[in-house]
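Asker: build me a model from this:
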Amino acid sequence: MPESQPNEPQQPKRRLRILISILYYVPHYTGYTIHVRDVAEALAARGHEVTVLCARHSLDLPRDETINGVRIVRLWAPIRLSRGMIMPLYPLALLAFMRKVDLIFANSPRAVLERDHLALGSETSSDHPPWRFDFAARDQKPPYSRADLHPL
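Answerer: This is a model prediction of the structure:
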């Protein structure tokens, strides 16, 4: 059996549907958005279905597009507060995606994240590294391993 090359992404045992929630995403370039983009693209390269839910910070950007295997869904954000943006449809969009995904990698201010997720009756974690998640069924083991998620 031939050995795999060290730089080749390994195929996961189970293809996961992953939602990444973040306020800004590329082409808004910061160190953090670049990090999240790299994680998203690495997970997609491993065979996972990755969707990013973010603000449409410029009307020049499409509402829905796929870049390097990552689906990007940008929500209407009519109000800006400093560097933050208010997305009135975020709770509804998040609820719709939560019903379709296996896990959520949330990247939001903790207070807002906890408020929204408690209101929607679910649990996630914004703690890093990105493979730490809380599960709705605490007695149930996740159907994947840390190696399936860690992109590096």
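Asker: the bottom helix or strand of this structure by mean pLDDT?
Answerer: When the helices and strands of the chain are scored by mean pLDDT, DSSP states H and E, helix 110-120 comes last with a mean of 51.
Asker: which one is residue 26 nearest to, not counting chain neighbours?
Answerer: residue 37 (5.0 Å; CB to CB, 6 or more residues apart in numbering). C-beta here means a position set from N, CA and C on the backbone, and glycine is covered the same way.
Asker: then residue 71?
Answerer: Residue 71 sits nearest to residue 51 (CB to CB, 6+ apart), 4.5 Å away.
Asker: how many residues are close by that neighbour?
Answerer: Residues lying near residue 51 (other CB atoms under 10 Å) number 21.
Asker: that one - that's part of a helix, no?
Answerer: No: applying DSSP: H, G, I helix; E, B strand; the rest coil, one finds residue 51 to be strand, outside a helix.
Asker: beta partners for it?
Answerer: On the basis of DSSP bridges, residue 51 is bridged to residue 19, residue 71.
Asker: quick check, it in contact with residue 74.
Answerer: No: applying CB atoms under 8 Å as the test, residue 51 and residue 74 come out as separate, 11.4 Å apart.
Asker: which positions in the longest helix along the chain come out as buried?
Answerer: Criterion DSSP state H: the longest helix present in the chain is helix 31-45. Buried residues in helix 31-45, counted by 16 or more other CB atoms under 10 Å: 33, 36, 37, 39, 40, 41, 42, 43, 44.
Asker: hmm, the second one is touching residue 107, no?
Answerer: So that's residue 36. Yes: counting by CB under 8 Å, residue 107 is a contact partner of residue 36 at 6.1 Å.
Asker: overlap in contacts, these two.
Answerer: 20, 22 (CB atoms under 8 Å, 6 or more residues apart in numbering).
Asker: so where is this structure shaky, pLDDT-wise?
Answerer: 1-12, 108-152 (pLDDT under 70).
Asker: can you show me the strands along it?
Answerer: Assigned by DSSP state E, the chain shows strands spanning 17-22, 49-55, 64-67, 70-75, 79-81, 84-86, 103-107.
Asker: got those strands as TSV, with distance to residue 94 columns?
Answerer: Formatted as TSV, those follow (distance: least, CB to CB, whole Å):
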stretch	distance to residue 94
strand 17-22	7
strand 49-55	7
strand 64-67	16
strand 70-75	10
strand 79-81	18
strand 84-86	14
strand 103-107	8
